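*Asks:* 3D, please:
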Amino acid sequence: MLIKRPADIKSSEITPEQVYIHRRAFLRQALAQGALTVGSLAATTGLYYLFAGANRRPPAGLGPAKLSATPVRDPALTADEALTDYDDITHYNNFYEFSTAKHDVAYEARALVTRPWTVAVEGDVHRPRAFDLDELTRLFPLEERVYRLRCVEGWSMVIPWVGFPLADLLKLVEPLGKAQFVAFETLHDPKQFPLQRGRLLDWPYREGLRLDEAFHPLTLLAVGLYGKTLPNQNGAPLRLVVPWKYGFKSIKSIVRIVVMDHMPRTTWREAVPREYGFYANVNPQVSHPRWSQATERRIGEFTRRPTLLFNGYADQVASLYAGMDLRKYY
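*Replies:* A predicted model of the protein is given here:
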């Protein structure tokens, strides 16, 4: 398969870490001095910060540990676009185990215990086993990859993830010949996830991929972003990242991976099957039943931009769906 790849993001184009750390202090000082108008503040932080009261929450802060990762050299695995602000990535989150309000997730997720953490890989494999998270990061070299993230709700980000290919883990456990799908589960612990005490969804959160999707070089198991360990609200300590699919496919806080011969249950498909299909490939020509998917709003921007087929990764992944009706298998 011919893979076209954009150029790597230059290190000179990445905003220094300390600029992000002190961003809120700068805004407070500027407001106190009358230096920012409402319009310029909104342009800097996004309207959702100005009106949703996100500044009442303590900053998420950078992850507790730096990660040693190699910037990926293959242009097909890196987006040549401006990165989304770290503060926005960590304070605008869907994580329904903690809250249905995006701006509250960072606050509610503060106490999540992510060490020790074990991930079971089982099912139709020759070598099922449980892995300690630290063992995984020792077994597989970490890479930094810049991916576009597109939410089914119509907003998007560009995130520098740190992780390793899911394919590397699957090869280690050796799927059987009958294997066709891979299922994932989030930790089920109502003591730590307050919304798991109710019936908002059928817990634990479940997602799945076809085996060829799971083995695709773009499919990543992420343990960090912006060069540090994942914040809790972003799916710590281990999450899936599938950049050509809507964000709800990229399941967070994974504790179980099951290789199987049939299509697995997935949370949103079971909750609202008319609105959320199993594949969830980004497709501007297939509208959500309640809104168009033709355009999106990049967080940090105010104008909308056209949505790209497969979130801009068509050259890499379109062959996976050759002959499929993308309107039927949405």
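
*Asks:* convert the C-alpha atoms of stretch 295-302 to CSV, please.
*Replies:* Below are the C-alpha coordinates for stretch 295-302, written out as CSV (Å, rounded to 0.1, in the frame of the first residue of the first chain):
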residue,chain,number,x,y,z
THR,A,295,-17.5,20.8,9.3
GLU,A,296,-15.8,21.0,12.6
ARG,A,297,-14.5,23.5,15.1
ARG,A,298,-10.8,23.2,16.1
ILE,A,299,-10.5,24.0,19.8
GLY,A,300,-8.8,27.4,20.1
GLU,A,301,-10.3,28.6,16.8
PHE,A,302,-13.6,30.3,16.1
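
*Asks:* now that stretch: mean pLDDT?
*Replies:* Per-residue pLDDT over stretch 295-302 has a mean of 96.

*Asks:* could you give me the buried positions within that stretch?
*Replies:* By neighbour count, with 16 or more other Cβ atoms under 10 Å as the criterion, the buried positions of stretch 295-302 are Glu296, Arg297, Arg298, Ile299, Gly300. All C-beta spots, glycine's among them, are computed from the backbone N, C-alpha and C.

*Asks:* make TSV from these and add secondary structure and distance to Tyr330 to it.
*Replies:* Rendered in TSV, the data for the buried residues of stretch 295-302 read as follows (DSSP: H, G, I helix; E, B strand; the rest coil; distance: Cβ to Cβ, whole Å):
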residue	secondary structure	distance to Tyr330
Glu296	strand	17
Arg297	strand	21
Arg298	strand	23
Ile299	coil	24
Gly300	coil	28
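
*Asks:* pick the one among those residues closest to Pro116.
*Replies:* The shortest distance between Pro116 and any of those, using Cβ to Cβ, involves Ile299 and amounts to 33.1 Å.

*Asks:* residue contacts, that closest one?
*Replies:* For Ile299, the contacting residues are Gly46, Thr84, Asp85, Asp88, Tyr92, Trp155, Ser156, Met157, taking Cβ atoms under 8 Å, 6 or more residues apart in numbering as the criterion.

*Asks:* of those residues, closest to Pro289?
*Replies:* Closest approach to Pro289 among the contacts of Ile299 (Cβ to Cβ): Trp155, at 18.1 Å.

*Asks:* before we move on, the earlier item: Phe140: which of the buried residues of stretch 295-302 is nearest?
*Replies:* Phe140 has its nearest neighbour among the buried residues of stretch 295-302 in Ile299, at 29.6 Å by Cβ to Cβ.

*Asks:* ranking helices and strands of this structure by mean pLDDT, which lands last?
*Replies:* Considering only helices and strands, the least confidently modelled element of the chain by mean pLDDT, DSSP states H and E is helix 38-45, at a mean of 34.
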